[in-house]
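Peer 1: Need coordinates for the following:
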Amino acid sequence: MSVMSPSSGFRILRNRNFSFYLSARVLGTLAVQMQSVAIGWQVYQMTGSLFDLGLIGLAQFAPFLVLILLAGHVADRYNRRNIIIACLAVQLLCGALLLGFTWSGARVVWPVFAVLVLFGSARAFMMPATQAVLKNMVPHEHFGEAVALSSSAFHVAVILGPVLGGLLYVFGPDTVYLAAGALLAASVVLMGLTRAAPQAISSAPATWHTVLEGLRFVWSRPIMLGAISLDLFAVLFGGATALLPAYAHDVLQAGPAGLGLLRTAPGVGAALCSVALAFHPIRRHVGAWMFGGVAVFGLATLALGLTSSFALALAALFVLGAGDMVSVYVRHLLVQFETPDEIRGRVSAVNAVFIGASNELGEFESGITAGWFGLVRAILFGGAATLAVTALWIVKFPVLARMDRFPHHDSEERSRKAG
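Peer 2: Residues are numbered from 1 along each chain as shown. The predicted structure is shown next:
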C-alpha cells in the first residue's frame with residue numbers, strides 16, 4: 001500500500017455531486033439494512049423456519065437474476081441518475097407495503113416474499129446504474145479515493161443500520177419500516193440534487209447481442225473474470241450472515257438488539273478497512289491482496305462456527321468484513337478502470353450478477369444447508385468451502401494471483417515514459 005496524507009483522502013468530498021450521491025447512498029443503505037433486520041426477525045418469529053430465512057434471499061435474487069443483464073443495458077442507454085432515483089422510489093414503496101402487512105396483523109409470510117420480489121427487481125436496475133454512475137461523478141484522478149470513501153460510507157450505513165433496526169424493533173417492526181421510509185424519502189431528494197457529468201449513451205437497441213456485451217467483455221479478460229467469479233463462489237458458500245437470526249437466538253441466546261450488533265460487526269470491519277484503503281490504497285501485489293482477503297473471509301467464517309461466545313462471534317464477523325472489503329476494493333477498481341464508459345452499465349450488471357448471486361443465492365444456500373445438516377455445521381461447511389475455492393482459483397487464474405499492479409497503472413506508466 002502507498003501512503004497518502006489525511007487531507008488527500010477526504011478532498012473528494014469537496015465535489016458537490018459526489019457529496020450528494022454519497023449522502024443518498026448512505027441513507028438508502030441505512031434504510032435497507034434496518035428493514036433487513038426487521039424482516040429476518042419478523043419472519044423467524046412467525047415461522048421459526050431456517051428454510052424461510054433462506055427464502056428471504058431467494059425472493060430477492062430470483063427477479064434480480066432475470067432482470068440484471070437487461071438492467072445493465074438500460075444503464076448504458078438511459079440516464080443513470082434518473083434510474084437510481086426511480087429505484088429508490090420503488091424501494092420506498094416496498095417499505096410502505098411491509099408496513100401495511102405488519103399493521104394488517106397477517107400471520108402468513110408469503111406477502112413479505114412478494115414484496116421482496118419487487119424489491120429485488122428494483123435492486124436489479126439500481127445496482128449497475130449505481131456502480132457505473134460513480135465514474136461520471138468524479139474526476140478520473142480521484143476515482144480511487146471516491147471508491148474507497150464510497151465503500152467506507154456504505155459500510156458505515158451497514159454498521160448503523162442493523163443496530164438501529166434491532167433497537168427500533170423493540171417498539172415493533174412497524175417502527176422500523178416507518179423510520180426506513182423516512183430515510184428512503186430523503187435519499188430520493190438528495191439523489192435528485194446531483195448533476196453527473198454526461199455519460200457515453202449507447203444507441204444500440206436491446207437485443208441479445210447488446211444485452212450480453214458485458215458478459216462477452218468480462219469473459220475475454222481472464223483477470224476480470226477471475227476476480228469476479230472468485231467473489232461469487234467464495235461468498236456463495238460463506239454466506240453465514242443469512243443465518244445470524246437463528247445463530248443469535250439458538251446459539252448465543254441473544255435478542256433483536258444482539259442480532260443488530262452481530263449484523264453490524266462485518267460492516268465495522270469493512271468500514272475501517274475501507275478508510276485505511278482511502279489513505280493507503282493498494283498499489284502493489286494486487287493479486288495477493290485479493291486472494292488473501294478472501295482467505296481471511298473463509299477463516300473468519302470457520303471461527304464463527306466454532307464459537308458460542310458473543311464477544312468472539314463479534315470479533316470473527318469483524319475480521320470477516322475486513323477481509324471481504326479488500327477483495328471488493330480490488331474487484332471494483334479492476335471492473336471500473338478497465339471498462340469503456342459506453343458499456344460500463346452492462347459490465348457492472350455482470351459484476352452485479354456475481355455479487356447478487358454470492359449474497360442472495362448464498363443466503364438461500366446457507367438456509368438449505370442449515371436445514372439439512374444443522375446450523376453450526378452449515379457455517380463450518382461454508383468457511384471450509386470458501387478456503388477450497390480460494391485455493392482452486394489460485395490454480396485456475398494464475399495471472400490474477402501473480403498480478404502486481406492494476407493494469408491501468410501499467411498503461412499510465414508506459415504513457416508517461418513515452419511522453
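Peer 1: How far off centre is the helix or strand where A378 lies?
Peer 2: Assigned by DSSP states H and E, A378 belongs to helix 375-396. In this view, helix 375-396 has its centroid 20 Å away from the chain centroid, taken as Cα atoms, centre = their mean, to the nearest Å.
Peer 1: Remind me what that helix packs against, helices and strands.
Peer 2: For helix 375-396, the packing partners by 3 or more Cβ pairs under 8 Å, 6 or more residues apart in numbering; DSSP states H and E come out as helix 222-237, helix 286-306, helix 362-373, helix 398-401. (Glycine included, C-beta is placed from N, CA and C.)
Peer 1: now the first one and helix 375-396, what's the angle there?
Peer 2: Right, the one you point to is helix 222-237. Here helix 222-237 points in a direction 170 degrees away from that of helix 375-396 (axes from the mean of the first three to the mean of the last three Cα atoms, to 10 degrees).
Peer 1: Determine the set of other helices and strands touching helix 222-237.
Peer 2: Counting contacts by 3+ Cβ pairs under 8 Å, 6+ apart, helix 222-237 is packed against helix 213-219, helix 286-306, helix 310-337, helix 344-356, helix 362-373, helix 375-396, helix 398-401.
Peer 1: could you check the angle helix 375-396 makes with the second one?
Peer 2: Yep, that's helix 286-306 we're talking about. Helix 286-306 and helix 375-396 are oriented at 160 degrees to each other (the same axes, to 10 degrees).
Peer 1: Please read off the pLDDT at D76 from the model.
Peer 2: For D76, the model assigns a pLDDT of 83.
Peer 1: oh sorry, the question was meant for L92
Peer 2: pLDDT, L92: 95.
Peer 1: quick one: secondary structure of it?
Peer 2: Three-state call for L92 (DSSP: H, G, I helix; E, B strand; the rest coil): helix.
Peer 1: can you tell me the helix or strand for the closest residue to it other than its chain neighbours?
Peer 2: Closest residue to L92 apart from its sequence neighbours, by Cβ to Cβ, 6 or more residues apart in numbering: L184 at 4.2 Å. For L184, the enclosing helix or strand under DSSP H and E is helix 173-192.
Peer 1: Would you indicate which residues of that helix are buried?
Peer 2: Neighbour counts over helix 173-192 (16 or more other Cβ atoms under 10 Å) mark 173-181, 183-188, 190-191 as buried.
Peer 1: List the residues that contact the residue nearest to L92.
Peer 2: For L184, the contacting residues are 27-28, 31, 88, 91-92, 95, by Cβ atoms under 8 Å, 6 or more residues apart in numbering.
Peer 1: how does it look with 6 Å?
Peer 2: Neighbour list for L184: 31, 91-92 [criterion: Cβ atoms under 6 Å, 6 or more residues apart in numbering].
Peer 1: can you redo those as TSV with distance to I83?
Peer 2: Compiled in TSV, the contacts of L184 are given as follows (distance: Cβ to Cβ, whole Å):
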residue	distance to I83
A31	18
Q91	13
L92	15
